[in-house]
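Chemist: sequence and predicted structure are below.
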Amino acid sequence: MSNDTKDKEPQARSFESSLEALEEIVGKLEHGDLALEESLELFEHGIRLSRECQERLSQAERRIEVLMRDQQGRPVVSAFEGDKELLADEPED
């Protein structure tokens, strides 16, 4: 990875910007015209971004779980609207 790329990288990215950067890295790696060392640096950066995105998704999931508790603190589980439509389309056994 060049110094330009490292200098442009903010310390705290939003989930969306991290995901966009990860997609850019994947595109560059898929193109396949990079030197080995540059490919390895991009891969390592991509792994860091992937872990960062996964952690943010996990945090969001935990926040949603807290918000979805009843008054006794028990989790309330319900399907999303899109899931309900998918379930309605499935044939019964």
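Modeler: Structure received.
Chemist: how about low-confidence regions in this protein?
Modeler: Counting by pLDDT under 70, the chain has low-confidence residues at 1-11, 79-93.
Chemist: in what helix or strand does the residue positioned nearest the centre of it lie?
Modeler: Geometric centre of the chain, nearest residue: residue 53, 3.8 Å, by C-alpha atoms, centre = their mean. Using DSSP states H and E, residue 53 sits within helix 36-67.
Chemist: what do you get for residue 28?
Modeler: Using DSSP H and E, residue 28 sits in helix 15-31.
Chemist: now do the buried residues in that helix.
Modeler: 18-19, 21-22, 25, 28 (16 or more other C-beta atoms under 10 Å). Yep, even glycine has a C-beta here, placed from its N, CA and C like the rest.
Chemist: returning to that earlier point: pull the contacting residues for the closest residue to the residue nearest to the centre of the chain other than its chain neighbours.
Modeler: In space, and not counting its chain neighbours, residue 53 is closest to residue 18: 5.3 Å by C-beta to C-beta, 6 or more residues apart in numbering. Residues in contact with residue 18 (C-beta atoms under 8 Å, 6 or more residues apart in numbering) are 49, 52-53, 56.
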